[in-house]
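> Sequence plus the predicted model coming up.
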Amino acid sequence: MTLEEAPGPSAPVTAPPEVEKSEYTTPKSSNPFRTQQISESATFQSKLPTLFPPPDIHSPYKTLNRILDDLKYTVPYQNAHPGSSLLRSRPIEYSVNLSRIAAKKPKCATITINNDVAYAPTIETVGVDSEGNMVPQSSQDQETVAPFTLTIIRGLVVCGTDIHHFRLSTIDSATNPFATTIDKHEYHLVKPSDISRTEAKVLDIHSTTSFIDDAMFRSANASTRHVLRATIFKSEFTNDDLWPLLNDEVIAKRYEEGAKRHPDLNLSPNAVPTSVHCIHTLLKVLRGPILLPPGDPIKTISLTKTSLDTQLDVDLLTSRLGFVTAGEDVVPPNLADNLELRESYIRKSIELIYVGANIKQEPNSVNQQYSFSDNLSVVYRAINESDRHVNVTFASSHISNQLPFFTNLSATTYFQDELVIRCYENTLKSDSKNKLHYADSLRSIINFKRGQSGQSNQKLQSYFNHLTQSGQFIGYEDYSNALRVIGIDRPNENLTDDDIIAVYKAQYQEDPRNYSYFNKHLKVIANARESAILHNYIKNEVLPLNIAMDDLGIEEITEDEVVITAYEFKLDDILQSNGFNSTASEILLLNRSLLSVAVNRKSYQLMSYYERKIDTSKPGVSVHDALVLFNLEDVKYGDVEIITSFQNRIAKATDVEDIRKLRAALRALAESRDSAILQSFLHSGKVDVSLLPAENWPSGLDNIGNTCYLNSLLQYYFCIKPLRQMVLNFPNNATGLEEASERKIGGRKVELSEVHRSHQFVYHLQKLFFDMIHTNKRCVAPSKELAYLAFLPLSQPVGFGTHESKALVKLDESAGLAQGDESEPIMIDSRSPSPPFLPTPNHSDDSMSGDKETRTILPILDEIDSTIEVGRQQDVTECIENVTFQLETALEPESLEEDGEQFDLIKKLFYGKTQQTLTPMHKAGEQRISTERFFSLIINVSDHPKDIYDSLDNYFSEDIVNLEDGQVKKSLTVAQLPEVLQFHVQRVLFDREKLMAYKSIEHIPFSERIYLDRYLETQDSEILKKRDEVFQWRSEVRQIHELRNKILTPDPNSKLCIIDALVTTKKYLETKVVPSSSVAVNPTTISNLQVHIDELKGKIEALDAKLEELTSKISAQFTDYTKVGYSIFAIFIHRGEASYGHYWVYIKDPHKNIFRKYNDEIVTEVPSSEVFNFVKENTATPYYIVYVKDSLEKDYVEPLKRIIE
């Protein structure tokens, strides 16, 4: 018999990961072409016996075609992969390996006998009662039909010369008269423990017969409770068993010996049997026991009266077939009592028929009498599926097993589109964990079919398009490609969602212009992984600000109101162009853009607009949950406490979900309290000062005549709690006149007149601070006398008046303002207004009443207004020096330093010390060390520092300088840090061409916290080593800049650098390379010029790359040193030019974690984005930046101090 060979293989796809069983909720079919035929009657089904459990749809799914092909390839597959099972495995687990085996020769075939052979039936059907007992057909009539039917189909699996057996056993409930032919069984693997007792008995699952592989399947869609058992058995005969039947010499010898034993049989020497005759004889021997009716006596075979032993080896009967000898007879086994042995006899018969039919002898009666086919038509007729005719035609010749994508879905190359779709859906239901691979398989099938037919398979392609458009279709290749796009080489079982998010962020931050591309692929990854974490991240991800601003067409400095206008304008344009489709992707991106700007700015106005206009679904938060969220459930609270807690929480919020939940919580409290303050704050993000009691907000300062920066300075000093307390407690801590000559301030001795003036200054400041605490108004006015004393240079004397009338005000004796008789009062000029009385303060600024003693503020006789006008033109640092000098002068020294300098609260707060060290470079010598006090550190804008650290690096640097005694290494470090660290940003520069001063608006970025560990004087070897490295890197940087300048500095005459000059020359010469030209130019000259230009450009690129590398190293050298930290305190702002402008100050309240803007009489809360606004277009720039030690921040900084009775 010749079996048709199958075509060759195609390239295998990547093997999927190991399959694991996972839970799966059966989805509704997405197949728009799925048949609407009723495959079973619900009424009939309800009457079926309940002892048949339904199939587990999560177990491996297979079609009948797949099961039959598994039978075909089990033996060669197990030979290549011992211990494996095709029948009991998911197809995806073996598809790739199977493709290789199916492509090899010899080809395997599953064949059945075409003839109706009573003793070797290909198919048998018997009835089965409810107890699992066989019911003979003769005992069944129209009235009594067995409730179940058992069908057994037998055949061979032939691979080359190897012969094995397969058996298919099906058990069905009695036929449903209302059911139509099943379109296609949806088989699912079942365990022996999951079938009923009836099924177990009928299918004989406890049989001891050994087999190669065995599996049971239950149909999920059959109307007859259909169960299929597929089994593969080994060959019934070994080569040794068959050798005596097939070898001519052995046959001839046996015949000769038998003829001698049986002379009475007259066996002719010329009648030696052929191997076909021997096969026939053995078939006759097997046929008798198989066909013996139950209950009939067993028929023995005489060895003396027959020529059996001349045809067969009798030992084969006794040793392999279960015969026993009884005298001169052999007795066959009773097969009616041993069904397993009966099955074995049938298999032996089928195998012998196949062997006999393939004996190359002529004539061959077995070959003439029997035939085999490999189309399995008997199987397809018995298991009646709607595609049986197509299967019979193509089942033995298709190449599906060589194509893993078909195997994965239990499909074949000739399946119709609808059936492929069903295979995909059923496979997906049973094994959702590998859905990505199944999607790839479906795509490959579509491509294969298109390639085979040359045109698209309409239904399959439509189904694919439907899934793709709905986002339900993602393949493993899609997933792998999406991972590669965001920067992950390949899928990894250890890859976490957090890993993916981190890589994704890094990728789009490095290439923000392609954010949408990366985001699209992150969605693919999220869908592929079915990751709630990734989906939630995508839902709440804030669009990168630069992309959001580009989409809205705005800039960082665009006001919130204008942002809303830009959004609405673009929204209207899009809606009109797309037919008012509000769900279009452009609209969704625009909404996300607005949300991004709102979240990045933490803009209350934009968030409020977004919640009212775009996403009205607000998270439900109860009042109790809101209080828990704000840590207020166990404390007394008011609107201010709620806002403070909200601000603390929202400052730490990192995504949209956090911010919206916090806003929902605040809204719940606002509504429950019917609070106009909270409602207003929720909308604007600012406390409406007009709604607040005065004691809940700092007092503003009236502008008394363009006093510039003085109001900012006064607010700044008021917020420093130790300084404020010192002023309010004055003169308890004042110095006397007799002590003036014993101390120095600023390196010089203090004069008595300066002490007198300083006391008056502190009295005026004391009154202002007192008013700022106790006023019931929104603001107070500093006195002109205070402004006058603050602005007037120290070198100019101040004239104070006296009182000549009886209206005397006695100063506290401890004030020490006059020499001589301490009891003699100072008189105030009667023409002056009556002097104000100041209550004597306690040692705390919480209370300033109750003492009957008073202090005198003397009138100033000078022309105040004109002096203020002149004084305010001075540099802000001069004013600060005036104020702090007077404060120090009025204070009693805590101690005197070695040089006589007074140490007091001002020194403690604001002064630090630097140490300069000069180390000889080329000869032994001692280091020279000197220290110097500093009040503030200078940031020179002209140095173009990229941030505040860069400026400090330039200031506290190491350098080589030439002195008289040789080169020395000069280093500057911090020997002592102040408690309040002040930076003066030197913005006023001089234009040498215009011969005028101008203000630089170059931004020097700074942050909420800085660390100064790297600048401290230390003997730490690690830090010193790092400083040496920085010194070397800076030296290299200088050398690189020198080299760059040589190349790029323009010639003073031509105004061209070397590269530009060469380029210009080359262009000129190129115009002269003409044969008729009077100027002959050699073309090699031009090429040489280009080579030189390229070399110089390459050198610049290399220098720039090295410069970037060194700069990065310098910036990162001390990032881990964070022990000595300072927090932002105050930022003094100026908007205008060098000679004019407007001033205000931002001060952070660490107790409420907010920034306030002190703009004369108006004090408002502002977002941190306004404070840290470093965009180029922002002309409001800091000129004084103040930090406070982390450890002292809450003790020293107290902006809100109000006591109103």
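That came in fine, so what should we check first? Numbers count the residues shown, from 1 in each chain.

> what ranges do the helices span in the stretch 601-750 of the chain?
If DSSP state H, counting those that start in this stretch is used as the criterion, the helices of the stretch 601-750 of the chain fall at 604-613, 623-629, 639-652, 656-673, 676-684, 710-719, 721-728.

> got the ones you listed as a markdown table, with mean pLDDT and mean neighbour count columns?
All C-beta spots, glycine's among them, are computed from the backbone N, C-alpha and C. Below are those laid out as a markdown table (pLDDT from 0 to 100; neighbours: other CB atoms under 10 Å):
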| stretch | mean pLDDT | mean neighbour count |
| --- | --- | --- |
| helix 604-613 | 90 | 19 |
| helix 623-629 | 89 | 17 |
| helix 639-652 | 84 | 18 |
| helix 656-673 | 86 | 19 |
| helix 676-684 | 87 | 19 |
| helix 710-719 | 95 | 24 |
| helix 721-728 | 96 | 21 |
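
> May I see those helices arranged in TSV, with distance to residue 428 as well?
Compiled in TSV, the helices of the stretch 601-750 of the chain are given as follows (distance: least, CB to CB, whole Å):
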stretch	distance to residue 428
helix 604-613	39
helix 623-629	41
helix 639-652	43
helix 656-673	32
helix 676-684	47
helix 710-719	66
helix 721-728	69
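
> List just the one of those helices that sits closest to residue 240.
Closest of the helices of the stretch 601-750 of the chain to residue 240 is helix 656-673, at 76.5 Å (criterion: CB to CB).

> Next up, the contacts around residue 546.
Residues counted as contacts of residue 546 (CB atoms under 8 Å, 6 or more residues apart in numbering) are residue 512.

> helix, strand or coil for it?
What DSSP: H, G, I helix; E, B strand; the rest coil gives for residue 546 is helix.

> max-length helix in the chain?
With secondary structure taken from DSSP state H, the chain has its longest helix at helix 1083-1116.

> in that helix, what counts as buried?
1086, 1089, 1093, 1096, 1103, 1107, 1110, 1114 (16 or more other CB atoms under 10 Å).

> element containing residue 1202, please.
According to DSSP states H and E, residue 1202 maps onto no helix or strand at all.

> Am I right that it is in contact with residue 718?
No - between residue 1202 and residue 718 there is no contact under CB atoms under 8 Å: 11.5 Å.

> on that earlier part again, which helices and strands does the longest helix of the chain pack with?
If contacts are counted by 3 or more CB pairs under 8 Å, 6 or more residues apart in numbering; DSSP states H and E, helix 1083-1116 sits against helix 948-955, helix 1021-1048, helix 1058-1070.

> now, of those helices, which is deepest in the fold?
Using mean count of other CB atoms under 10 Å, the stretch among these with the largest mean neighbour count is helix 948-955, at a mean of 19.

> Which strands and helices lie in contact with that helix?
Counting contacts by 3+ CB pairs under 8 Å, 6+ apart, helix 948-955 packs against strand 937-940, helix 1083-1116.

> Downstream of the last one, the next helix or strand is which one?
If you walk from helix 1083-1116 toward the C-terminus, the next helix or strand you reach (DSSP H and E) is strand 1125-1137.

> In terms of secondary structure, what does that next one contact?
Packing partners of strand 1125-1137 (3+ CB pairs under 8 Å, 6+ apart): helix 710-719, strand 996-999, strand 1009-1011, strand 1140-1149, strand 1181-1189.

> mind checking which of the ones you listed is nearest residue 135?
Counting by CB to CB, residue 135 lies closest to strand 1009-1011 out of the helices and strands packed on strand 1125-1137; the figure is 89.8 Å.

> any idea of the mean pLDDT in that closest one?
For strand 1009-1011, mean pLDDT is 94.

> So for that strand, what gets flagged as buried?
The neighbour-count check on strand 1009-1011 (16+ other CB under 10 Å) flags 1010, 1011 as buried.

> which residues touch that strand?
By CB under 8 Å, 6+ apart, the residues outside strand 1009-1011 that reach it are 948-949, 1118, 1121-1128, 1187, 1190.

> Show the pLDDT at residue 848.
Note on residue 848: pLDDT of 47.

> ok, now residue 1035?
87.

> swap in the one 4 residues further on?
Reported pLDDT at residue 1039 in the predicted model: 91.

> cool, residue 1089 as well?
pLDDT, residue 1089: 86.

> That one against residue 1069, yeah?
Yes - counting by CB under 8 Å, residue 1069 is a contact partner of residue 1089 at 7.3 Å.

> So, low pLDDT: which residues of the stretch 151-300 of the chain?
By pLDDT under 70, the low-scoring segments of the stretch 151-300 of the chain are 175-180, 205-206, 208.

> Show me where it has its strands.
Along the stretch 151-300 of the chain, the stretches classed as strands by DSSP state E, counting those that start in this stretch are 162-173, 187-190, 213-219, 227-233.

> Which neighbouring elements make contact with the third one?
Okay, so that is strand 213-219. Taking 3+ CB pairs under 8 Å, 6+ apart as the contact cut, strand 213-219 packs with helix 64-80, strand 187-190, strand 227-233.

> ok, and what's touching it?
Against strand 213-219 from outside (CB under 8 Å, 6+ apart): 54-55, 62, 67, 74, 78, 85-88, 182, 185-192, 195, 203, 205, 226-232.

> Return the residues in contact with the nearest residue to residue 1190 once chain neighbours are set aside.
What sits nearest to residue 1190 in space, not counting adjacent residues and going by CB to CB, 6 or more residues apart in numbering, is residue 1125, at 4.2 Å. Taking CB under 8 Å, 6+ apart as the criterion, residue 1125 is in contact with 1009, 1010, 1011, 1012, 1189, 1190.

> show me what contacts the spatially closest residue to the fourth one that is not a sequence neighbour?
Think residue 1012. Distance criterion CB to CB, 6+ apart; nearest residue to residue 1012, sequence neighbours excluded, is residue 1124 at 4.8 Å. Going by CB under 8 Å, 6+ apart, residue 1124 touches 977, 1011, 1012, 1013, 1016.
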